[in-house]
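Q: Structural data only, the sequence is not supplied:
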């Protein structure tokens with residue numbers, strides 16, 4: 001793309017995808033917190049929500065990764081060095097990558113457990129054979145990546161606060177939106 005963006009801004013597609021990922025994952029995060037704390041016989045509605053929102057987050061993230069590659073590239077805000085801006089964008093890119101990989105691993109983990117996946121009430125059948133090896137080799141990474149994206153969130157937030165303090169870039173850029 002040859003579209004020129006003003007320093008510190010991103011295009012509308014990136015902005016909408018950012019908000020879609022943010023809101024969908026925020027809802028999914030509360031589901032993630034409550035799912036293990038719910039009695040096993042009462043988990044099905046939460047599991048349906050977890051699966052469904054996981055699919056939606058994955059789809060949004062895959063589209064966003066594509067848009068990272070082909071969309072217009074934002075430039076650093078006024079006064080911020082390009083290297084500091086690039087570090088911030090690299091962390092954001094990694095967060096989106098981790099979300100996409102987390103979803104793919106989650107799909108295989110569900111099949112390793114021998115259960116169907118759900119998409120807003122529709123049942124998506126198991127496509128891989130249930131095995132203990134599949135369950136273990138995908139279950140632990142699915143859990144570990146959750147801790148990894150929490151670390152990436154923290155790093156991104158701390159970096160954003162530091163950039164705000166050092167370069168006076170504004171707080172709004174820490175949330176999805178036009179400002180980056």
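A: Nice, thanks for sending it over. In this text, all values refer to a predicted model and were calculated from it rather than measured experimentally. Numbers count the residues shown, from 1 in each chain.
Q: Nearest residue to the middle of the protein?
A: Nearest to the mean C-alpha position of the chain, by CA atoms, centre = their mean, lies residue 99 at 3.8 Å.
Q: Contact partners for it?
A: 21, 25, 57-58, 61, 149 (CB atoms under 8 Å, 6 or more residues apart in numbering). For every residue, glycine as well, the C-beta is placed using N, CA and C.
Q: secondary structure element for it?
A: Using DSSP states H and E, residue 99 sits in helix 82-113.
Q: picking up where we left off before, go through the contacts of residue 99 and say which is closest to residue 84.
A: Residue 84 has its nearest neighbour among those in residue 149, at 21.7 Å by CB to CB.
Q: hang on, the earlier thing: next structured bit after the helix holding residue 99?
A: Taking DSSP H and E, what comes next after helix 82-113 is strand 117-119.
Q: any idea how far that next one is from the chain center?
A: Strand 117-119 sits 19 Å away from the centroid of its parent chain (CA atoms, centre = their mean, to the nearest Å).
Q: And for stretch 94-103?
A: 5 Å.
Q: hang on, the earlier thing: most neighbours among the contacts of residue 99, which one?
A: residue 61 (24 neighbours; other CB atoms under 10 Å).
Q: Quick check, that residue in contact with residue 20.
A: No: Residue 61 is beyond contact range of residue 20, at 9.7 Å (criterion: CB atoms under 8 Å).
Q: what's near enough to touch the closest residue in space to residue 141 that isn't next to it in sequence?
A: Excluding the flanking residues, the one nearest residue 141 by CB to CB, 6 or more residues apart in numbering is residue 105, at 5.4 Å. Contacts here follow CB under 8 Å, 6+ apart; on that basis residue 105 touches 138, 141-142, 145.
Q: Ok, residue 60 next?
A: Here residue 60 is in contact with 17, 20-21, 24 (CB under 8 Å, 6+ apart).
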